[in-house]
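**Student:** fold the following and give me the result.
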Amino acid sequence: MMLALTATLAIVVQDHAALRAAPRANGTELARVWQGEVLEVRGEQAGYLKVYDHRLERGGYLQGTAGRAIEISENAAPELLAVMRFLQTMPGFEALGISYGAAYLKAVPVRDLTAEPFDAIAQMAERLADRASAGTERASASGDRTQASSGSTGGLAAQVEVVEQFGIRMRNVERNGRMRICYDGELFQRVLSAPELGPSPDEQARAVLALTRPDCVAADVDPNARLAADLQRARLLELVKDDAVDAMTRSRLHARRAVVWAAVAYGDERRQQSVAPAADTLGAIASGTAGTAAQRARAELLAVHPETLGDDRRAEYLDAVLRVGAVRWAEGLPSPQSGSLTLSAAPGDPGQTCVELHDANRPRAGALIERCTYGLVRMASVQVIPRGPALVLAVQPLESWRELWVFHESAGSWTVDVLCPGLDDPDAGYVDFAGYVPASRLLLIAREVKARGRLHRSFEELRLDDLALVRQAGSPEILPDFGRWQDVGWRRDTLALR
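**Tutor:** The predicted structure follows:
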């Protein structure tokens, strides 16, 4: 809902402009106003505008160069639209651009209204939220709790307050201990829900991509509500036809669908239940197993052409790789276990799964070791290393996080060690078992992890006895053992070799 604008208005065009008690430079400063602020003009004197700020409920004098008077009329609409278009492309001027967009919406006749101003204002709101989030992260990294709690640094918090007068709403989303500021997407929804505005495929694509961002999904949502929201996100992504948009947007849509379907796969299995069937094709797919959703996620990921994304959007593809990689084992079914070592899984306490390792040659000895977890146990990943002897198992405790459990004998007793994708403030990642070197008893693994916004990929040789790192490289070709002893199934299915 936009602010009701009147004809005698001025928009503040400078940040941190002084509102004074008198029309002179040494007049008492009453307040500071920010770029994009809309003021009611009540007169002019000595190069100053006599104004009233309804947001601050305060009047005063603003230097004429700090504000620009605007006319709200049908005749002025083209000029307001032109200024909005110009500001839309300029990072740092979001609040000012949103103000001009709001003025244009008030001035333009209903017969001439299109989706363009709603799309433009929504894009600027989203960009302002991203800038505010970046300010939060910088403040948190520097240990400034005051800045971090404000959700911004410098004038960003003030600009967020300014745009609220136009009905632009931001919300705080906490994920993995970090606070992110997100635009609530109301105007993007308007673009999608108002066909009379004639939105173009590009405008629709921007809307669905904004409304399906994984970093703006709250982590503490009720599991059933989260799954329903993920399925709704999947439906939104089907609204845009791939052949109606350019190559970059098409790849972005495929990457986003991969992320969303990976979330559906995780959510479906986490709840141990199927989604109620729906009449449409999408609902039919959703009502299947987590494996079906994981297969859809992989298919969408493989449809991405990373070279079309450019540097600015490549991070979206890398995020999709990690999330699809995390649910990789949801696709498969457990294979019959042969040999002396076998692993079984059974429910533990509510929400837990407990696994037991047995030695078939000693059936009466009981379990060699037992371990319980609240994560998803991927029994399809079980792989026995007879010459270890050892066994590996993939466990997914979070939607975008998959670990590798290594069951092995140490000092005459069995133990299980957990290999994590990373330890330095990680966001998403997975660990793959990649092979075993029997002569030197080396475990081959591959890791991919996003930490502090950067992707790290490594191929490692670990000593099986204590999992100490022996060799590490950024490419498997550098490690000769990966050439000879890598697991065939890993090479076929892993995303680490893409």
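
**Student:** quick test: name the residue nearest the centre of this protein.
**Tutor:** Asp215 (2.7 Å; C-alpha atoms, centre = their mean).

**Student:** isn't it right next to Arg180, touching?
**Tutor:** Yes. Counting by C-beta atoms under 8 Å, Asp215 sits close enough to Arg180 to count as a contact (6.0 Å). C-betas here are computed from N, CA, C, even on glycine.

**Student:** joint contacts of these two?
**Tutor:** Val173 (C-beta atoms under 8 Å, 6 or more residues apart in numbering).

**Student:** circling back to that earlier point, how close does the residue nearest to the centre of the chain get to Asp319?
**Tutor:** Going from Asp215 to Asp319 by C-beta to C-beta, to the nearest Å gives 8 Å.

**Student:** and what of Ala293?
**Tutor:** 18 Å.

**Student:** for Leu236, same thing?
**Tutor:** From Leu236 to Asp319 the distance is 18 Å (C-beta to C-beta).

**Student:** name the SS class of Ala218, please.
**Tutor:** coil (DSSP: H, G, I helix; E, B strand; the rest coil).

**Student:** cool, Gly92 as well?
**Tutor:** Classification of Gly92 by three-state DSSP places it in coil.

**Student:** now Val173
**Tutor:** Relying on three-state DSSP, one would call Val173 strand.

**Student:** and it, how many neighbours does it have?
**Tutor:** The local packing of Val173 (other C-beta atoms under 10 Å) involves 18 other residues.

**Student:** that one against Ala218, yeah?
**Tutor:** Yes. Using C-beta under 8 Å, Val173 makes contact with Ala218 at a distance of 5.2 Å.

**Student:** re earlier: more neighbours, Ala293 and Asp319?
**Tutor:** A side-by-side neighbour count of Ala293 and Asp319, using other C-beta under 10 Å, places Ala293 first with 29 against 21.

**Student:** which helix or strand contains that one?
**Tutor:** Assigned by DSSP states H and E, Ala293 belongs to helix 290-302.

**Student:** buried residues, that helix. List them.
**Tutor:** 290-298, 300-301 (16 or more other C-beta atoms under 10 Å).

**Student:** from the contact counts, what lies against the helix or strand that that helix is followed by?
**Tutor:** Downstream of helix 290-302, the first helix or strand assigned by DSSP H and E is helix 310-326. Packing contacts for helix 310-326, counted by 3 or more C-beta pairs under 8 Å, 6 or more residues apart in numbering; DSSP states H and E, involve helix 247-270, helix 290-302, strand 401-410, strand 426-437, strand 442-451.

**Student:** among the ones you listed, which is nearest Lys106?
**Tutor:** helix 247-270 (30.9 Å; C-beta to C-beta).

**Student:** buried sites along that closest one?
**Tutor:** Neighbour-count burial for helix 247-270 [16+ other C-beta under 10 Å]: 249-270.

**Student:** Pro117: which of the buried residues of helix 290-302 is nearest?
**Tutor:** For these, the nearest to Pro117 is Glu300 (31.9 Å; C-beta to C-beta).

**Student:** I figured the closest one was touching Val264, is that so?
**Tutor:** No. In this structure Glu300 lies outside contact range of Val264 using C-beta under 8 Å: 11.5 Å.

**Student:** output the below-cut-off pLDDT ranges for the stretch 351-498 of the chain.
**Tutor:** 424-426 (pLDDT under 70).

**Student:** all helices of it, in order?
**Tutor:** Ranges of helices within the stretch 351-498 of the chain are 480-485, 488-493, based on DSSP state H, counting those that start in this stretch.

**Student:** check which element follows the one helix or strand Leu39 maps to along the chain.
**Tutor:** Taking DSSP H and E as the definition, Leu39 sits inside strand 38-45. As assigned by DSSP H and E, the chain's next helix or strand after strand 38-45 is strand 48-53.

**Student:** now do that next one and strand 38-45, the angle between them.
**Tutor:** For strand 48-53 against strand 38-45, the angle by axes from the mean of the first three to the mean of the last three C-alpha atoms, to 10 degrees is 150 degrees.

**Student:** who's in contact with the helix or strand that strand 48-53 is followed by?
**Tutor:** Per DSSP H and E, strand 48-53 leads on to strand 58-63 as the next helix or strand towards the C-terminus. Strand 58-63 has contacts (C-beta under 8 Å, 6+ apart) with 10, 12, 17-23, 25, 27, 30-31, 33, 39, 42, 45, 47-53.

**Student:** starting at the chain centroid, how far to the longest helix belonging to the chain?
**Tutor:** Of all segments of type helix in the chain, defined using DSSP state H, the longest is helix 116-142. Helix 116-142 sits 14 Å away from the centroid of its parent chain (C-alpha atoms, centre = their mean, to the nearest Å).

**Student:** can you check stretch 450-462 too?
**Tutor:** On C-alpha atoms, centre = their mean, the centre of stretch 450-462 falls 19 Å from the chain's centre.

**Student:** got the buried residues for that stretch?
**Tutor:** Applying 16+ other C-beta under 10 Å to stretch 450-462 flags 450-451, 455-456, 458-462 as buried.

**Student:** now, which of those sits nearest Gly366?
**Tutor:** Ranked by distance to Gly366 (C-beta to C-beta), these are led by Leu462 at 28.7 Å.

**Student:** what sits against that closest one?
**Tutor:** Counting by C-beta under 8 Å, 6+ apart, Leu462 has contacts 419, 442-445, 468-470.

**Student:** and for Asp215?
**Tutor:** 173, 175, 180, 182.

**Student:** how about it, phi and psi?
**Tutor:** phi -80, psi 0 (degrees, to the nearest 10).

**Student:** likewise for the one 10 residues further on?
**Tutor:** When quoted as degrees, to the nearest 10, the phi and psi of Ala225 stand at phi -70, psi -40.

**Student:** distance of it from Gly60?
**Tutor:** Taking C-beta to C-beta, one finds Ala225 at 47 Å from Gly60.

**Student:** quick one: which of those two has more around it?
**Tutor:** Between Ala225 and Gly60, counting by other C-beta under 10 Å, Gly60 is the more crowded of the two (24 against 10).

**Student:** which residues does the closest residue to the more buried one other than its chain neighbours contact?
**Tutor:** Among residues not flanking Gly60 along the chain, Leu19 sits closest, at 3.9 Å (C-beta to C-beta, 6 or more residues apart in numbering). The neighbourhood of Leu19, defined by C-beta under 8 Å, 6+ apart, consists of 29-33, 51, 53, 56, 58, 60-62.
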